[in-house]
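[1] pasted the sequence and its predicted model underneath.
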Amino acid sequence: MALDRWIALVLLGICLAYGYAAWFTMDGNLAPFMRRNPIWPSTFPKVLSILGIIVSLVILLGLEKSEVKLADIDYRRLGDYHLGQALLLLGLMVAYALLLRPAGFLFSTSAFLILGSFILGERKWHVMLPIALIATFFVWYLVQQVLGIYMRPLPGFIGG
Amino acid sequence: MLEGLLIGLQTALSIQNLLMVIAGCLIGTFIGMLPGLGPMSIIAIMIPVAISMGDPSAALILLAGVYYGAIFGGSTSSILLNAPGVAGTVASSFDGYPMARQGKAGKALTIAAIASFAGGTIGALLLMVFAPALSSVALLFHSAEYFALMVVGLSAIAAFAGTGQVAKALIMTVLGLIMATVGEGALFNMPRFTMGIMDLQSGFGFITLAMAMFALPEALFLVLKPKDLKGDGDGEIKELRITGQEARAIAPVVGRQSLQGFFIGVLPGAGATIASFLGYAVERNIAPKKEQEEFGKGSIKGLAAPETANNAACTGSFVPLLTLGIPGSGTTAILLGALIALNVTPGPRLMVDDPQIFWAVIMSMFIGNLVLLILNLPLIPYIAKVLAIPRNYLIPFILFFTLMGAYIGQNNATELLLLVGFGVCATALKFADYPLAPLLIGFILGGMLEDNFSRSMQLYDGVSFIWERPMTLGLLVIAAILIVLPSHRARRARARQEGVAEGD
């Protein structure tokens, strides 16, 4: 089975779970006066779940003939590409998300930019460091001072 | 009207106001390039500055300049980086980004600038002529028609998709609609499908989803399979100019989309997003068969259509604001707040009581568009240089800006984890050749679609509005045709290929 039909199977599962919630569990704690309404919070989701189930079945069963196109990247040979770099960058993004608050904007952002270029194979530290630091400070200044959106600049324990 | 025009010109052409327009356009363009800050947030940020000036004409002129600048700035990031920061420029990335990949970034930006200019200017002309009459037409559109109009917009996406892709485009649309139902709806005041997670209470963020669907998979693809970002070019931005042939090709598109975009923009709630998607879909469907295949691969028509339409629609959205005092979009709602703070009440009396404000705003639209064009055309080579940045630096920065865009909007670190999660899912979908744009379009329109559906259900106590309102029925029939037509056409084409005689 090709990847697109596996995905259709997953989507069918999502639609079934969504439909189950809409049809059977959502209306349980609906206030009695709301029950007189022609429209309930679950009405629209009910329609969507049916549509979703029908269309994902159409893909899953291959009812619509489609031509096989050569995508930009062939997922069957994922190992041939720079998969490691991509996974490392994704991990770096997760780390950034978790560290942004506790470690402060300035530290986590400059670390993110430096490590990002490092993962991609950049080794010119004398270019990397100044660019990352200047960009970090510039964005922080723009967002915090000019636009007035609060970003904690420094780690909490230094009092940022 | 001539007298009004002269008053407007006199006000708008004073040195102070000219400086205001220029400043507004520049600020708007530069901040608009950052994904995550759309026109709405930039105008909101600029309001304190505008109010403290005290002069309502100057304030409005400044804000209008910011508005136009922000929309143009948003187009640059969707064209160059496939990172649309504003819903209205999502459609511009469909063809703008492929163009940039082919080394035609300069040309794409030039087309965007010129199409925006034309859309905005023609829109302002239409605004001048039709404003009073249009306000009464806009009131004829009820929630049932809005619902039907959005269904048409969503089914037009099925027409976006190529042969054999209709079901995939539809499932992505439905998935987008499903994601839009997560969180607390405006009409029901109860959280839905949040699975008890507090951070989902307000639903998924638009920017988060936009970044996860477009920018992140694109960046990951660039990491997986390194290729030259500059395309075939050698870093030089060549082909800045549009040839006469190309100008002739996009001229009718610009003309049609200025009109269509403007009239869609007049409808409260519809706005630039729907105008740009519908504009793209309409132009794709009426293009000759050969050009149709180019759409999505860097067609100049496919870029000019949404760019013209969204600017014309922005101008159109001023109609209900200035004539009825009803803001048609989030941005005009903020402008309304600014006007009231300046002691001006928009509405039917505005043209009579404060003609100089009304006309100054219209004149400043012309001037704003002109200034934007003059400022941006020389800047384009420099803006397009973004793509000449070495990949090792550019990719971390793209990733950082997607993260920042998602973070600034919500100030919530969970949003960043969602971004990464959705980004991985989107990459998998992209591997399997699922179109991602329909998902985002479904998500953007989902909330409005459900609200209008619910409102009509309540007004008519059931679904009877579908057959009781002819306009609704008509629009829904169009939507059904749009879905059935492509697969019917494909079937016929296949039958012909196999040498089977057609049934009819």
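    Here it is on my side, so go on.

[2] any idea how far the residue nearest to residue A:121 when sequence neighbours are not counted is from residue A:110?
    In this structure, residue A:121 finds its nearest non-sequential neighbour in residue B:392, 6.3 Å apart by CB to CB, 6 or more residues apart in numbering or on different chains. Every C-beta, even on glycine, is put in place using the N, C-alpha and C of the backbone. In this view, residue B:392 and residue A:110 are 16 Å apart by CB to CB, to the nearest Å.

[3] and if you look at residue B:77?
    Taken as CB to CB, the span from residue B:77 to residue A:110 is 23 Å.

[4] what's the answer for residue B:150, then?
    Remark: distance between residue B:150 and residue A:110 (CB to CB) = 44 Å.

[5] give me the more crowded residue out of these two.
    Between residue B:150 and residue A:110, residue B:150 has the larger neighbour count (other CB atoms under 10 Å in any protein chain shown), namely 23 against 19.

[6] and that one, what does it touch?
    Contact partners of residue B:150, counting by CB atoms under 8 Å, 6 or more residues apart in numbering or on different chains, are B:274, B:445, B:448-449, B:452.

[7] dump the C-alpha coordinates for the strand or helix carrying it into CSV.
    Using DSSP states H and E, residue B:150 maps to helix B:143-160. Taking C-alpha atoms only, helix B:143-160 is exported to CSV below (Å, rounded to 0.1, in the frame of the first residue of the first chain):
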residue,chain,number,x,y,z
SER,B,143,-25.6,35.0,6.8
ALA,B,144,-27.1,32.3,4.6
GLU,B,145,-25.4,33.8,1.5
TYR,B,146,-22.2,34.2,3.3
PHE,B,147,-22.3,30.6,4.2
ALA,B,148,-23.0,29.7,0.6
LEU,B,149,-20.3,32.0,-0.7
MET,B,150,-17.7,30.3,1.6
VAL,B,151,-18.9,26.9,0.4
VAL,B,152,-18.3,28.1,-3.1
GLY,B,153,-14.8,29.3,-2.1
LEU,B,154,-14.0,26.0,-0.5
SER,B,155,-15.2,23.9,-3.5
ALA,B,156,-13.3,26.1,-5.8
ILE,B,157,-10.3,24.4,-4.2
ALA,B,158,-11.4,21.1,-5.6
ALA,B,159,-11.0,22.9,-8.9
PHE,B,160,-7.5,23.9,-7.9
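
[8] what pLDDT is listed against residue B:158?
    Residue B:158 carries a pLDDT score of 64 in this model.

[9] check the one 4 residues further on too.
    At residue B:162, the pLDDT value in this model is 57.

[10] how about the residue in the stretch 301-450 of chain B that chain A sits nearest to, secondary structure?
    Here the stretch 301-450 of chain B gets closest to chain A at one residue, residue B:396, 2.8 Å apart by CB to the nearest CB. Recorded secondary structure, residue B:396: helix (DSSP: H, G, I helix; E, B strand; the rest coil).

[11] once you drop chain neighbours, what's closest to it?
    residue A:116 is the one closest to residue B:396 (CB to CB, 6+ apart), at 2.8 Å.

[12] would you check that the one you found makes contact with residue B:398?
    No - between residue A:116 and residue B:398 there is no contact under CB atoms under 8 Å: 9.6 Å.

[13] where does the stretch 351-500 of chain B have low pLDDT?
    Counting by pLDDT under 70, the stretch 351-500 of chain B shows low-confidence ranges at B:387, B:409, B:486-487, B:489-490, B:494, B:496-500.

[14] now with 90?
    Across the stretch 351-500 of chain B, the ranges flagged by pLDDT under 90 are B:351-416, B:418-419, B:427-472, B:474-476, B:478-500.

[15] for it, which segments count as strands?
    For the stretch 351-500 of chain B, strands defined by DSSP state E, counting those that start in this stretch do not occur.

[16] which bits of it sit near chain A?
    Proximity of the stretch 351-500 of chain B to chain A (CB under 8 Å from any CB of the partner chain) is limited to residues B:391-393, B:395-397, B:399-400, B:403-404, B:407-408, B:411, B:413, B:416-417, B:419-420, B:423-424, B:428-434, B:450, B:453-454, B:457-458, B:460-462, B:487, B:490, B:494.

[17] residue ranges of the helices in the stretch 51-200 of chain B, please?
    Listed in chain order, the helices of the stretch 51-200 of chain B (DSSP state H, counting those that start in this stretch) span B:56-81, B:90-101, B:105-138, B:143-160, B:166-180.

[18] can you flag the weakest of those by average pLDDT?
    If you rank those by mean pLDDT, helix B:143-160 sits at the bottom with a mean of 76.

[19] now it, how far from the chain's geometric center?
    16 Å (CA atoms, centre = their mean, to the nearest Å).

[20] what angle separates it from helix B:166-180?
    If you take axes from the mean of the first three to the mean of the last three CA atoms, to 10 degrees, helix B:143-160 sits at 140 degrees to helix B:166-180.

[21] helix B:143-160 versus helix B:90-101: what angle between them?
    Going by the same axes, to 10 degrees, helix B:143-160 makes 20 degrees with helix B:90-101.

[22] residue B:311 and residue B:318, how far apart?
    With CB to CB as the criterion, residue B:311 and residue B:318 are 12 Å apart.

[23] between the two, which has more neighbouring residues?
    Using other CB under 10 Å as the criterion, residue B:311 and residue B:318 rank with residue B:311 on top: 36 against 27.

[24] once you drop chain neighbours, what's closest to the more buried one?
    In space, residue B:311 is closest to residue B:119, 3.6 Å off (CB to CB, 6+ apart).

[25] how about the contacts made by the one you found?
    Here residue B:119 is in contact with B:254, B:257-258, B:261, B:307-312, B:315 (CB under 8 Å, 6+ apart).
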